[in-house]
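Asker: need coordinates for the below:
(chains A and B)
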Protein chains: 2
Amino acid sequence: MAEKDIFSEIPQLNYQEESGDYKNPESFDQLVEARRSCRVYTEESIPEEIVRKCLSLAVLAPNSSNLQPWQFYWVRSADKKQKIVEACLSQPAAATAQELIVAVAHPEMWRTSRKLMLDSFASQKDIEVPKSAISYYEKLVPLAYNQGFLGIFGRIKSCVLFFRGIKKPTPRGPVSKQDMRVWAQKSTALACQQLMLAFRANGYDTCPMEGMDEKRVRKVIDLPKGSEVCMIISAGKRAPNGIYGPRIRFDEKLFIHEV
Amino acid sequence: MAEKDIFSEIPQLNYQEESGDYKNPESFDQLVEARRSCRVYTEESIPEEIVRKCLSLAVLAPNSSNLQPWQFYWVRSADKKQKIVEACLSQPAAATAQELIVAVAHPEMWRTSRKLMLDSFASQKDIEVPKSAISYYEKLVPLAYNQGFLGIFGRIKSCVLFFRGIKKPTPRGPVSKQDMRVWAQKSTALACQQLMLAFRANGYDTCPMEGMDEKRVRKVIDLPKGSEVCMIISAGKRAPNGIYGPRIRFDEKLFIHEV
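Answerer: Residues are numbered from 1 along each chain as shown, chains lettered A, B, ... in the order given. Next up, the predicted model:
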């Protein structure tokens, strides 16, 4: 069965990566400790190449089926920046920020990305791409991510998967436009976290903001239909009063369960 | 106006953190470079304390209004583990994994978390918590996150925000149960990325999996109603054939825009 090939078999590939030896727990502990959401920044600017580098690192985050359903709008025009600050309710984390980056989730991105994956497979010289991988992007991706007109195809899939699932393990989604929103937002958030850590590793702080006027933000950066803002990330050099208080985390037992 | 106090004013606090000096770009570049989604693991186990440490680091991720709407189920029982592997369609990334962690988004968590935030404010000794922060968790959080019976309150909010938004910047959501799903999933994904980087920093690889039978997973770990699986993260020591090929990322110009 095709599905067995794709999912449960280990393909015979001639590829190896040495990066498996990397280890630096102390540095990561310090990084996580140092990353705090910053609400007030100084007037020190961030060198352009550092912002670019952090954005490049962000899009190396893992993501669903490597379909990269994210976009990052680095707001550079002074006029647009001012409008984004206002859309962020003029909160100091935006108003005092040196840089503002709008992270956008794009649920429809799979349509172009799956073709780019197939192009990329076709151009591989060093490894032979297994047929199952090609078939995954050719057939399974459209089947999984297309929800059809008014989401009708999603509804049909949901029924089929329900009956299939009675007897054997079966993925249950995405089967709606709403599931596709969640799908794209999740991968985008993975990249956002990588972006925030990248800034911190380079000596700068960030603040992720969700409380904003999305309608106004969409207009300012001219967002394509169907996409939606994941969060706006501000960045800059931390002011002495930039962190409002010690980090508060509730008892881990509420969140981490061993089962 | 209360809103102005809460959002746009910088509170007078007597708090400072020195971690703003942290900088280690090289180490982070290496970490991001080394983190690849691993599909095949060796039989080497991960010391228990490392898994615990990585989970503790994960929940230090930033999250929406610090409401921490996430849960992590570390699947330790051999029986449950086998069932989760099957629910992950027996893919090698699950079947050969030493550890499996189910990351769960919990849209209703704000109800308890906002109380925990208020408790935590009440117990602060070193800093005086501004009234606006207390009022935020007492009044604004329920207003923002409660969608009411059948989401009716959300619909009403949506109308009110629409009219308010004509004249001034106004947050547009969350105004539905679906928005709440997105809300919780986003924060959970931020923690997931931190978790995966934590494992890599400690010398182990991970693979985030979304293609799974969520219904079966829910049953195995007895998930509370209303919560939903964000992703399952497998972890272990990378096998020589663990990485299937070189990292593929499409042209950055498709994803990173300067506006």
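Asker: buried stuff in the helix or strand where A:Gly165 lies?
Answerer: In this structure, A:Gly165 sits in helix A:152-167 according to DSSP states H and E. If you call a residue buried by 16 or more other CB atoms under 10 Å in any protein chain shown, then helix A:152-167 has these buried ones: A:Gly154, A:Lys157, A:Ser158, A:Leu161, A:Gly165. C-beta here means a position set from N, CA and C on the backbone, and glycine is covered the same way.
Asker: would you format the residues you listed as CSV with distance to chain B and pLDDT included?
Answerer: Listed next are those as CSV, based on distance: CB to the nearest CB, whole Å; pLDDT from 0 to 100:
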residue, distance to chain B, pLDDT
A:Gly154, 14, 94
A:Lys157, 14, 94
A:Ser158, 12, 93
A:Leu161, 9, 93
A:Gly165, 6, 94
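Asker: ok, the residue nearest to the spatial centre of chain A - contacts?
Answerer: Centroid-nearest residue in chain A: A:Thr188, 1.7 Å away (criterion: CA atoms, centre = their mean). When contacts are counted by CB atoms under 8 Å, 6 or more residues apart in numbering or on different chains, A:Thr188 is found next to A:Pro69, A:Trp70, A:Ala103, A:Val104, A:Ala105, A:Cys230.
Asker: for the second one, which non-adjacent residue is spatially closest?
Answerer: The reference is to A:Trp70. A:Thr188 (4.2 Å; CB to CB, 6 or more residues apart in numbering or on different chains).
Asker: C-terminal to whatever helix or strand that neighbour lives in, what's the next element?
Answerer: Under the criterion of DSSP H and E, A:Thr188 resides in helix A:177-201. Following helix A:177-201 in sequence order, the next helix or strand is strand A:205-209 (DSSP H and E).
Asker: by contact count, what packs against that next one?
Answerer: Strand A:205-209 is packed against helix A:92-95, helix A:177-201, strand A:228-236, with contacts defined by 3 or more CB pairs under 8 Å, 6 or more residues apart in numbering or on different chains; DSSP states H and E.
Asker: could you tell me the angle between that strand and helix B:177-201?
Answerer: 150 degrees (axes from the mean of the first three to the mean of the last three CA atoms, to 10 degrees).
Asker: before we move on, the earlier item: for the helix holding A:Thr188, which positions count as buried?
Answerer: A:178-201.
Asker: over to stretch A:118-129?
Answerer: A:Leu118, A:Ser120, A:Phe121, A:Val129.
Asker: how long is it end to end?
Answerer: Between the opening and closing residues of stretch A:118-129 there is a gap of 10 Å (CA to CA, to the nearest Å).
Asker: that stretch and chain B in contact?
Answerer: Yes - where contact is defined by CB under 8 Å from any CB of the partner chain, part of stretch A:118-129 touches chain B, namely A:Ser120, A:Gln124, A:Asp126, A:Ile127, A:Val129.
Asker: and the furthest pair within the residues you listed?
Answerer: Between all members of those, the longest pairwise span (CB to CB) is found for A:Ser120 and A:Asp126 and amounts to 12.6 Å.
Asker: picking that back up, go through the buried residues of helix A:152-167 and name the one nearest B:Lys215.
Answerer: Sorting those by how near they are to B:Lys215, with CB to CB, puts A:Gly165 at the top with 6.3 Å.
Asker: my read is that that closest one contacts A:Arg172, right?
Answerer: Yes - with contact defined as CB atoms under 8 Å, A:Gly165 and A:Arg172 form a contacting pair (6.9 Å).
Asker: need the residues touching each of those two.
Answerer: Counting by CB under 8 Å, 6+ apart, the residues touching both A:Gly165 and A:Arg172 are B:Asp213, B:Lys215.
Asker: a helix runs through A:Arg111, doesn't it?
Answerer: Yes - following the definition DSSP: H, G, I helix; E, B strand; the rest coil, A:Arg111 is counted among the residues of a helix.
Asker: just the pLDDT for A:Glu9.
Answerer: Note on A:Glu9: pLDDT of 84.
Asker: count of neighbours near A:Glu33?
Answerer: Other residues near A:Glu33 number 15, with proximity taken as other CB atoms under 10 Å in any protein chain shown.
Asker: revised request: answer the last question for A:Ala58.
Answerer: The tally of other residues near A:Ala58 (other CB under 10 Å) stands at 28.
Asker: list the contacts of the nearest residue to it once chain neighbours are set aside.
Answerer: Leaving aside its chain neighbours, A:Ala58 sits nearest to A:Leu195 (3.7 Å; criterion: CB to CB, 6+ apart). With contact set as CB under 8 Å, 6+ apart, A:Leu195 has these partners: A:Cys54, A:Leu55, A:Leu57, A:Ala58, A:Phe72, A:Ile101, A:Ala103, A:Thr206, A:Ile233.
Asker: can you do 10 Å?
Answerer: Going by CB atoms under 10 Å, 6 or more residues apart in numbering or on different chains, A:Leu195 touches A:51, A:54-59, A:61, A:72, A:101, A:103, A:206, A:208, A:233, A:235, B:193.
Asker: residue contacts, A:Val40?
Answerer: For A:Val40, the contact set (CB under 10 Å, 6+ apart) comprises A:92-93, A:95-97, A:205, A:207, A:236, A:238-244, B:10-11.
Asker: for PyMOL, write a command that selects the buried ones of these.
Answerer: Under the burial definition 16+ other CB under 10 Å, those of the contacts of A:Val40 that qualify are selected in PyMOL by:
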select buried, (chain A and resi 92+93+95+96+97+205+207+236+238+239+241+242+243+244) or (chain B and resi 10+11)
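Asker: endpoint to endpoint, stretch A:218-225 covers what distance?
Answerer: Distance between the two ends of stretch A:218-225: 9 Å, counting by CA to CA.
Asker: I meant stretch A:61-70, not that one.
Answerer: Using CA to CA, the end-to-end distance of stretch A:61-70 comes to 11 Å.
Asker: please apply the same query to stretch A:123-131.
Answerer: End residues of stretch A:123-131 are separated by 14 Å (CA to CA).
Asker: mean confidence for that stretch?
Answerer: What stretch A:123-131 shows for mean pLDDT is 86.
Asker: just the contacts of A:Leu195 now: which is nearest B:Asp79?
Answerer: Nearest to B:Asp79 out of the contacts of A:Leu195 is B:Gln193 (CB to CB; 29.7 Å).
Asker: so how far is chain A from that closest one?
Answerer: If you measure B:Gln193 against chain A using CB to the nearest CB, to the nearest Å, the figure is 4 Å.
Asker: would you confirm that that residue contacts A:Val32?
Answerer: No - look at B:Gln193 against A:Val32 with CB atoms under 10 Å: they stay out of range, at 11.5 Å.
Asker: give me the three-state assignment for the spatially closest residue to A:Leu116 that is not a sequence neighbour.
Answerer: Across the structure, with CB to CB, 6+ apart as the measure, the residue nearest A:Leu116 apart from its sequence neighbours is B:Phe250 (4.8 Å). The three-state label given to B:Phe250 by three-state DSSP is coil.
Asker: can you lay out the helices and strands packed on strand A:205-209 as CSV showing mean pLDDT?
Answerer: As requested, the helices and strands packed on strand A:205-209 are exported to CSV (pLDDT from 0 to 100):
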stretch, mean pLDDT
helix A:92-95, 97
helix A:177-201, 98
strand A:228-236, 98
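Asker: save the contacts of A:Thr188 as TSV, and put in neighbour count and secondary structure too.
Answerer: What follows is these, written out as TSV (neighbours: other CB atoms under 10 Å in any protein chain shown; DSSP: H, G, I helix; E, B strand; the rest coil):
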residue	neighbour count	secondary structure
A:Pro69	26	coil
A:Trp70	27	strand
A:Ala103	22	strand
A:Val104	27	strand
A:Ala105	28	strand
A:Cys230	27	strand
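Asker: what's the farthest-apart pair in those?
Answerer: Largest separation among the contacts of A:Thr188 by CB to CB: A:Pro69 and A:Ala103, giving 11.4 Å.
Asker: list residues touching both of A:Ser120 and A:Asp126?
Answerer: By the contact definition CB under 10 Å, 6+ apart, A:Ser120 and A:Asp126 are jointly contacted by B:Gly245, B:Pro246.
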